[in-house]
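Asker: I would like the atomic coordinates for the input below:
(chains A, B and C)
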Amino acid sequence: MPELQQPEQTPAQVSEPRNHQTPSQIAAALQRDHPEWASEIVEALGETTIVVPREYIIEACSFLKTDPDLNFNFLADVCGFDRGPEEEPRFEVNYHLFSTTKHHRLRLKVLLNEEDTHVPTVTGVWRTANWHERETYDLFGVIFDGHPDLRRILLPDDWQGYALRKDFPLRGYEPYSLT
Amino acid sequence: MGLENVIAEALPEVLTTRLDSLINWARKSSLWPATFGLACCAIEMMNVTSSRNDLARFGAEVFRASPRQADVMIVSGRVSRKMAPVLRRIYDQMPEPKWVISMGACATSGGVFDNYAIVQGVDKVVPVDVYIPGCPPRPEMLIHAVIMLQEKVMKESVRDRRDAPEEEAREAITPGTLPVTDGSTLREPEKDQPPPYTIASTHEKRRSF
Amino acid sequence: MSAVANIPPQFEIVDRPLDTQMTISMGPQHPSTHGVLRLELVLDGEMVVKATPDIGYLHTGMEKLFEYRKYQQGIVITDRMDYLNPLGNNLAYVMAVEKLLQIEIPERAQTIRVLMCELQRIASHLVWLGTHALDIGAMTVFFYCFREREKIMNLIEAASGGRLTPSYFRVGGLMMDLPAGFERRVQQFQNGLPHALDEFDKLVTGNRIFQKRTQGIGYISAEDAIDWGLSGPILRGSGVGLDIRRANPYTGYENYDFEIPVEHDCDVWARYLVRMREMRECHKIVQQALARLKPGPVKADAPKVVLPDREAMKTHMDALIHHFLLVAEGVDVPPGEVYQPIEASKGELGVYIKSTGGPKPARVHFRGPSFINLSALPDMSRGCMVADIVAIIGSLDIVLGEIDR
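Answerer: The predicted structure is shown next:
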C-alpha cells in the first residue's frame, strides 16, 4: 500500500476551530489551506462538490480521512460519468465521502479527458475503493493507476467496449447466439 | 430411458398406449425441478414451494440442486450474456427426459430489459416447453404452468425419446470442450471445425437458433 | 490454473511444492449462494485459503437503461434491483429525483412511505432468516418465514398491485392512497408478528447447532468493516452503531422512536442477533406510523411533476393537459447532481443521479450495499471451512440483483 502522505501544517490551519463543520465550511477551509487541491467548489441542492485535479486526489483523500476533525473514514461510492463524445473533459469520476462519526458527506470530482483516462487509485486510502474502481473501469474504461487487481467485474471477461459510455448503443452490437 | 426404450424397441409395430400412459403418468407426477433461480422470479418460485402455494402437491416436491437428478429446469429470471453458456451447460447436464419452463417475462423474451446485457428470450439458448408471462408471475401462474407441462407430458409417446446408440454417444463432444464456453467468438473461425453438436436431441430437431 | 494466476500477489497464496491446494468453482448455479454468484475457492483440504467472488452473471445493464427512460419509467426498473426490498429501491430513487426538483412531500405520503418501507424491511429480513437457516440446515424456519412474508406481500399487493415489484412510490408522493381497511389489516398483521418472532427465536436462537455454526465465523473488526465500506447490519454487528435513518434522516424518520441494535462480537452470530432485533424495531416503527396516519393528500402540490387525480383529469382541462404532457414528455428536471443515501435492509443504498436537464437522466448509479458487502468476503473468510463460507454468505444477506445491476 502507498504511504499516506502527511499534509503540511500551516499556521492558518491550527487557529481555525474545526468541530461541527458543515460540508461547505469544510470545502471552503480546504480551498483556503490547500488551494491546489480544490480547483472548483460547487454548492447545490444541499450538497458540496469539490473538483480535485487528478494529481492531488490521493493527497486530498488521505487528508480528508486522517484529519481528526473531518474523519471521512467511509468511502460510500465511486461513480463514473461520461459527458458524451463531444465534451471536453469527457469523463468524471465522483467520490462520495461520509464520516461515520460526524455524519457529514462530501463529494470529490475528478475530470478526465478522453485521450488520457488515468487516475491514481485511492485503494490505499480506503480498501473499499477496490471494487468500486473495478466497476468504473469495466463500464467506462477509466484506468486506475496502482490498482491491485484492475479487471472486469460485471461484464464478461472477453467483452469488447465499455458499456456505459454514451457512444455504446443500448442494445449492444450483436444479438446473442451460442455459436 | 432404459427399460421402456428396450420394450419399445423390442416391439416396434405394437401400439404402446398403455405403456405410454403409465410412463407419462409416472413422469408427470414426479417432475423434479432443478434450482435455476436467477432473479426476482426465483423469489416467486420460492414462494411457490413454501406453504401457502404448495408445489409439492403436484409432485414437484424436491428441488434438486444437481441438474443430473432433475427433470425440469424452471428458468426463473433474467439470463445475462455471461450466464447463458452456464445455462446451456446445466441444460446439457440434465438427463433425458427433460423439459424447460421459462418463467417470467425476462426469460421468455428479455422482459423489461431490451439492452446489451440480457439474452432476449431463453429459447435462444435452450428449447422451452412452457412459457409463463408476468413480471414476476404470481405463484398460481407457475402452478398452472406446471400443470400445463404435466398435460404436455401426458401427450408424449415413449417412441419419441430414444437413447442414442452407443457408437454415436462415444463420438459426441464431451462437455467442457464446446467452443461456446471459451471465448471462441473472438478468434477467427478455424476451417473444418466440427459443428458443436453431432447428435440432434429430440427437442432440437424442431428448432433453429 | 488460469483462475489462480489472475489473483494479485498481495493476497498471499503460498505455492506449496506438494500442490495440496485445489481451486474449485462454487456456483454460479448453486443452492446456497443466494443467486448467481460464483466463488473461486482455493482450498487446502476443507480449509479455504482464498475465496474470490466472481460476479456479473446477472448484469442487466440497468444503469444504462435508466438513461433511455423517463424518470417515471425508471421507477419500474428500480424494483428489480434488490428484489427483496423493492420499496426501498423505489424510495431511494424517488427521493433523489425529488431532491433534484426540490419539491415537498405531504405528511401523509411520508408516513405511508415509512410504513411501507418498514414492512418491506421485515419482509426482507424474513427471507434472509429463512434462507440463512435453510443453508445451515434448519428447514422449518424457511416455511414459517415465508408464511409470515405472504401476509406482508398481501398487504403490499393491496396497496400497490404488485407482490414483489410494487413500484408504489412516485416522484412527489405515492401512486395512490391506501385502500379502505388497510390500517385494520396492518394491525392484524402487527398483532401476530411478535408471536411469530418468538417462534423463530425458539427454533433458531437457542439451537446449539446453529450457534456452533455461526459463532466465531466470519470475523471482521469495526475498523476493517468501515475501511471495506460495509454498512447495515454487518457494521452494526461489528460494534459500529451507524444507521442512516439516524445519521442523515429522511422521510420523517427523525420523528420516530426506535433503537439501533448493536452487537460487538463481529461474527455471523452477531449479525443474526442484530437482524432479529431489527425486526422487532421495525414492528415498533410500523405501530408508530399507524398511529400517525392522518387524512391528507398523498401527492405533492406540483402540477408539473405529479400526475393529477383521475377525477380532476376527467373534469378539468388543465389537469388533462398536465397529465398528457407528463406521460408523453415527462418531467423537466433542472440540471444538477444528487446523492441520496437511505438505510435499506442490507445497508446504505445510495442513488446518484446526474441530470443535464430534460426528461431523462444523464446518469443514474446505485450504490448497492450488497455489492460492497460482498467485496469483503475474501477478508472475512480466510482460514474457515467450506461450510462456513455458506454461513458467511448467508449473514452478508446478498442479493445478486443489487450486486450486478
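Asker: next one: phi and psi at whichever residue of chain A sits closest to chain B?
Answerer: At 3.0 Å from chain B, A:Gly172 is the closest residue in chain A, using Cβ to the nearest Cβ. For every residue, glycine as well, the C-beta is placed using N, CA and C. Dihedral pair for A:Gly172: phi 80, psi -170, per degrees, to the nearest 10.
Asker: would you mind measuring from the nearest residue to A:Asp167 once chain neighbours are set aside to C:Ala362?
Answerer: Nearest-residue entry for A:Asp167: A:Pro85, 5.1 Å, with adjacent residues in sequence omitted and distances by Cβ to Cβ, 6 or more residues apart in numbering or on different chains. Distance, A:Pro85 to C:Ala362, using Cβ to Cβ, to the nearest Å: 14 Å.
Asker: swap in B:Ala56?
Answerer: Applying Cβ to Cβ to B:Ala56 and C:Ala362 gives a distance of 49 Å.
Asker: neighbour-wise, which of these two wins?
Answerer: C:Ala362 (20 against 13; other Cβ atoms under 10 Å in any protein chain shown).
Asker: quick one: the more buried one from chain A, how far?
Answerer: For C:Ala362, the distance to chain A equals 7 Å [Cβ to the nearest Cβ, to the nearest Å].
Asker: give the contact list for the closest residue to chain B within the stretch 101-250 of chain C.
Answerer: At 3.6 Å from chain B, C:Phe146 is the closest residue in the stretch 101-250 of chain C, using Cβ to the nearest Cβ. Contacts for C:Phe146 (Cβ atoms under 8 Å, 6 or more residues apart in numbering or on different chains) come out as B:Met46, B:Asn47, B:Ser50, B:Ser51, B:Arg52, C:Leu126, C:Val127, C:Gly130.
Asker: follow-up on the earlier one: contacts only, for the residue nearest to the residue of chain A closest to chain B when sequence neighbours are not counted.
Answerer: Spatial nearest neighbour of A:Gly172, excluding adjacent residues (Cβ to Cβ, 6+ apart): B:Tyr116 at 3.0 Å. Applying Cβ under 8 Å, 6+ apart, we find B:Tyr116 in contact with A:Ala163, A:Phe168, A:Pro169, A:Leu170, A:Arg171, A:Gly172, A:Tyr173, B:Arg81, C:Gly61, C:Lys64.
Asker: same deal with C:His365?
Answerer: Contacts of C:His365 (Cβ under 8 Å, 6+ apart): A:Asp77, A:Cys79, C:Glu63, C:Val351, C:Tyr352, C:Ile353.
Asker: show me where chain C dips below the pLDDT cut-off.
Answerer: For chain C, the stretches with pLDDT under 70 are C:1-19, C:32-33.
Asker: narrow the contacts of C:His365 to those in strands?
Answerer: When the contacts of C:His365 are checked against strands (DSSP state E), the matches are A:Asp77, A:Cys79, C:Val351, C:Tyr352, C:Ile353.
Asker: any idea which of those has the most stuff around it?
Answerer: Going by other Cβ under 10 Å, A:Cys79 tops the ones in strands among the contacts of C:His365 with 28 neighbours.
Asker: list the buried ones in the host helix or strand of C:Tyr144?
Answerer: Element membership for C:Tyr144, per DSSP states H and E: helix C:139-160. Residues of helix C:139-160 classed as buried by neighbour count (16 or more other Cβ atoms under 10 Å in any protein chain shown): C:141-142, C:144-146, C:148-153, C:155-156, C:159-160.
Asker: how much space separates the residue of the stretch 101-250 of chain C closest to chain B from chain A?
Answerer: C:Phe146 is 30 Å from chain A, by Cβ to the nearest Cβ.
Asker: what's the neighbour count on C:Pro335?
Answerer: Count around C:Pro335 with other Cβ under 10 Å applied: 12.
Asker: list the contacts for it?
Answerer: Residues in contact with C:Pro335 (Cβ under 8 Å, 6+ apart) are C:Ser355, C:Thr356, C:Gly357.
Asker: can you give me the strands in the stretch 201-350 of chain C?
Answerer: Using DSSP state E, counting those that start in this stretch, the strands of the stretch 201-350 of chain C run over C:336-344, C:347-355.
Asker: Serialize those to CSV and add fields for distance to C:Gly394.
Answerer: As requested, these are exported to CSV (distance: least, Cβ to Cβ, whole Å):
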stretch, distance to C:Gly394
strand C:336-344, 18
strand C:347-355, 15
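Asker: hey, where'd the strands end up in the chain?
Answerer: You didn't pick a chain, so chain A it is. Under DSSP E, chain A gives strands at A:40-44, A:47-51, A:74-82, A:91-98, A:105-112, A:118-120, A:143-145.
Asker: meant chain B, my bad for not saying
Answerer: Using DSSP E, strands in chain B cover B:33-34, B:72-76, B:99-103, B:130-132.
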